[in-house]
Structures are given as structure tokens and as C-alpha cells.
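[1] this is the structure alone, sequence omitted:
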């Protein structure tokens, strides 16, 4: 495809700048507490759903026992509201002793014994967004060492209660401090989200030098409008964002909310498809103890995960916006493969979209096409017209029809 030359050239110019910790060569995958459980610390009235070690142990058990770990979902990430309101006598952060009686290091060992990894949350300001102790510039070294001593595997560093000058100084310093501990700790920076996400305020070359992933935009909510607004921003700015991504350095459009309350099955398939095309980190925020079979089948779809985890690490692009409301997205993959998403903005009925691979700028040849939601395969010449039936995202029907009439994420391999 014509687009491949441009994208490969862009990535090649960035590879020497990747963060030198060897981590997250493909987008990280796992579970994150925030969207589903927020800052619920009331363990008296709701002991199973409060932010406590029991919640994270439960989620680790589900990842370990229910087939998630084998698919790559290995991180169990604590977000805000885990800490005590006071540092200890040595100035170190400490977990709330009532909700985390064993401490964070005990929780980390629990994860590691099961082949999982533990992520934790901090903030570059005086306080976290939830009002807990932050990591000001003078506390960076001691906090980085504390996380390493606890055997934490990932740090998400937020930016509440800080200003642009503090962020410009603090985010690179934390990267240096984490590396200095000698423990491999993946580093998620929220820095660009606090600076509007775009140049000139955001320097993506610098981000690739200091961070493994970064939040570019606002927090996701459990609604289709939130998912769509995030996807729109990312694809409207794809010429800036896509070249910044690659092995070890990822744009992060935020959590998967599949399996919660706000998305239909069609919308859930759409989020998974778009996040796979974007080479986005796949952090679920849901309740794995009660997740539906439909949501599980989407999140555990091996072919979509393989697209997301492709080792080339090239972020995909939107290549067409049709007047009919159909949009087409494309991502190049390793082994002479690529992925296509056909996405509908319609809200009336399934739409029969007719196209050919040559119209999508594929070169002359024959291609094996696999629909990843049905496992149906076909062989197409580049010039052969074909029709994709694309459901509207608001369409409601019985679960069997939803499964058979998907938003049509397809992988395309050359013969």
C-alpha cells in the first residue's frame, strides 16, 4: 500500500530515541482499577468493591485462572487513592494500613508468584488528583526507590496539582530516577494530557526518550460518546501522533470499558477494533468477576490481540471517510500482513459498503482475508469488488445477530 512507505519512514527516524529500559516492546496489556472502581475506599459498606488489596487479589486471580494471562493481560494496576494521607517517618510513601495491611510489596509478590505484574499510581504535583500525597520534585528519588523496593513493575505518573514548569522538570527526572534504581519499571506519563496533547507544547521526540507510554487526552468514561470523542481526537491528529509510537513508546487513549455498563456489544467491538488499529495499550477497567460472556469473547479475541501486539509497532491510520458514514482504518503488520477496520457512524440500519482492495491502495495480487470476529476466510484479488455489511453502532438486535454482523475488523495477508 502507498501509505506503508510513509509510515515505515516515519518510524525509522524515531527508533534511536526510544526509552532505554527495554520494556513494553509491544503495547502493555492488563487490568486497571480507575474507570470501574474510581476512588471507592469505603470497605465497610462495600468490602468487595473498595480500593483495597482484596480487590486487586481478586482481579489477579481472575487474570491467572480465566485465561487472560496467557493472552498477554499481565498487569494489575492500582490507580489513585491507595496511599496513606501521611508519609512515614523517613519521608516515604506508604499504603493505607487498613485497606492494604500487607503493604504494596506483599501485593507485588502475590502478582509475581502468578506470573503477573503490579502497577502503581503517583502524581507529579503536591497531591494526587484524589488528594493523596503527591511526588514533588524533591521527592522523586525517594519515591522511585520506594517503588523499586516494593518490586513494582509499572508507574503511572499523573499531573494534578502541578504546573507546566514542574512537569517539564519532573517527568524527565522521574524517568532517570526509575532507571537509576536498577529495577525495570515501565513508565506511563500523563504529561501531554496536561499540555493539550499537541506540539508545540508537547515534544513527542522527548517523550519517546523518557516514557514507555503517555496519556495524550482526557479520561475515558463509561459511555459511547466518550469512546468516540477520544478516537476522533486521535485520528484527527494521526499525522502527529502515529510517528511518535513504536516499540517501547506508545500513545495511550486510555482504558477499555468493555464489560461495564455504557457500551452495547457493537460499540464494544468497535472500541476493541479501534484500539487494536491504534496500537494502544490494552488496560481493561471492568469487574472480571462478573464480566459477561459477550464482553469476554471480545476482549479475549486472539486475532485482534495479535493485531494490537504486532511487533512492528506501527500505529494505524484512518484512510477513508465516506459520505455514507462509513470510515476505513488501516494498519500495516509484520510478515507482509495488514489490518482493516470498516466502521459505521450510522444509526439507522446495517449498511452494505462496496469496495475493493485496489480502491484501498493495495497493490496488484491475491490476498487471503479473514474476518476476525467470525473466523471466516476468503481469497480476493485486488480488483475484486466485495461488500462488507457494517452494523450501526446504535443498532440493537439479538446477540447472535450482533456476533455475525460485526463492525468488520479484517486482517489482510498477501499471498
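    Here it is on my side, so go on. The structure displayed is predicted, hence computed values, not measured ones. Numbers count the residues shown, from 1 in each chain.

[2] centre of the chain to the lengthiest helix in the chain, how far?
    Counting residues, the longest helix found in the chain (DSSP state H) is helix 164-180. Centroid separation for helix 164-180 versus its chain: 22 Å, with Cα atoms, centre = their mean, to the nearest Å.

[3] from the contact counts, what lies against that helix?
    Secondary-structure packing of helix 164-180 (3 or more Cβ pairs under 8 Å, 6 or more residues apart in numbering; DSSP states H and E): helix 140-149, strand 154-158, strand 186-189, helix 204-210. No exception for glycine: its C-beta is placed from N, CA and C like everyone else's.

[4] between that helix and strand 154-158, how big is the angle?
    Interaxial angle, helix 164-180 versus strand 154-158 (axes from the mean of the first three to the mean of the last three Cα atoms, to 10 degrees): 170 degrees.

[5] what pLDDT does the residue nearest the centre of the chain get?
    Taking Cα atoms, centre = their mean, the centroid of the chain lies closest to residue 281, which sits 2.5 Å from it. Residue 281 carries a pLDDT score of 98 in this model.

[6] that one against residue 214, yeah?
    No: Residue 281 is beyond contact range of residue 214, at 10.1 Å (criterion: Cβ atoms under 8 Å).

[7] need the residues touching each of these two.
    Counting by Cβ atoms under 8 Å, 6 or more residues apart in numbering, the common neighbours of residue 281 and residue 214 are 250, 252.

[8] buried ones in the longest helix of the chain?
    166, 167, 168, 170, 171, 172, 173, 174, 175, 177, 178, 179 (16 or more other Cβ atoms under 10 Å).

[9] quick one: the first one and residue 126, what's the gap?
    Taken as Cβ to Cβ, to the nearest Å, the spacing of residue 166 relative to residue 126 amounts to 9 Å.

[10] low-confidence ranges, the protein, go.
    Per-residue confidence for the chain (pLDDT under 70) gives these ranges: 1-19, 393-415.

[11] how far is the host helix or strand of residue 389 from where the chain is centred?
    Applying DSSP states H and E as the criterion places residue 389 in strand 386-390. In terms of Cα atoms, centre = their mean, the centre of strand 386-390 is found 28 Å from the chain centre.

[12] same question for stretch 34-53.
    So, by Cα atoms, centre = their mean, the centroid of stretch 34-53 is 22 Å from its chain's centroid.

[13] would you work out how far apart the start and end of that stretch are?
    14 Å (Cα to Cα, to the nearest Å).

[14] just stretch 317-332 next, same as before
    Rule used - Cα to Cα; the end-to-end distance of stretch 317-332 is 9 Å.

[15] which residues touch the closest residue to residue 149 other than its chain neighbours?
    Spatial nearest neighbour of residue 149, excluding adjacent residues (Cβ to Cβ, 6 or more residues apart in numbering): residue 105 at 7.1 Å. When contacts are counted by Cβ under 8 Å, 6+ apart, residue 105 touches 149, 150, 151.

[16] one more time with 10 Å
    Going by Cβ atoms under 10 Å, 6 or more residues apart in numbering, residue 105 touches 95, 118, 146, 149, 150, 151, 152.

[17] if we can go back for a sec, where do the contact lists of residue 166 and residue 126 overlap?
    Joint contacts of residue 166 and residue 126 (Cβ under 10 Å, 6+ apart) are residue 136.

[18] can you list the contacts of residue 105 in JSON lines and add neighbour count?
    Below are the contacts of residue 105 laid out as JSON lines (neighbours: other Cβ atoms under 10 Å):
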{"residue": "95", "neighbour count": "22"}
{"residue": "118", "neighbour count": "25"}
{"residue": "146", "neighbour count": "24"}
{"residue": "149", "neighbour count": "14"}
{"residue": "150", "neighbour count": "21"}
{"residue": "151", "neighbour count": "18"}
{"residue": "152", "neighbour count": "27"}
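
[19] out of the residues you listed, which comes closest to residue 86?
    Closest approach to residue 86 among the contacts of residue 105 (Cβ to Cβ): residue 95, at 11.6 Å.

[20] quick one, phi psi at that closest one?
    phi -70, psi 150 (degrees, to the nearest 10).

[21] how about the residue lying farthest from the centre of the chain, secondary structure?
    Largest separation from the mean C-alpha position in the chain: residue 89, at 36.8 Å (Cα atoms, centre = their mean). Following DSSP: H, G, I helix; E, B strand; the rest coil, residue 89 is assigned to coil.

[22] three-state assignment of the residue nearest to residue 149?
    Classified using three-state DSSP, residue 105 is helix.

[23] distance from the helix or strand harbouring residue 109 to the middle of the chain?
    According to DSSP H and E, residue 109 maps onto helix 103-113. Centroid separation for helix 103-113 versus its chain: 23 Å, with Cα atoms, centre = their mean.

[24] against residue 283, how distant is the residue nearest to residue 47 when sequence neighbours are not counted?
    Nearest non-adjacent residue to residue 47, counting by Cβ to Cβ, 6+ apart: residue 54, 7.0 Å away. Residue 54 is 20 Å from residue 283, where distance means Cβ to Cβ.

[25] one more: residue 316?
    Residue 316 is 19 Å from residue 283, by Cβ to Cβ.

[26] and for residue 170?
    Relative to residue 283, and taking Cβ to Cβ, residue 170 is found at 23 Å.

[27] and residue 317, by the same measure?
    Taking Cβ to Cβ, one finds residue 317 at 23 Å from residue 283.

[28] neighbour count: these two, which is higher?
    Using other Cβ atoms under 10 Å as the criterion, residue 317 and residue 283 rank with residue 283 on top: 26 against 20.

[29] domain map for the protein?
    13-308, 317-414 (automatic domain parsing).

[30] any idea how far the longest one is from the middle of the chain?
    With Cα atoms, centre = their mean as the basis, the distance from the averaged C-alpha position of domain 13-308 to the chain average is 8 Å.

[31] ok, the shortest one next?
    For domain 317-414, the separation from the chain centroid amounts to 23 Å (computed by Cα atoms, centre = their mean).

[32] also stretch 308-326?
    Counting by Cα atoms, centre = their mean, stretch 308-326 comes out at 16 Å from the chain centroid.
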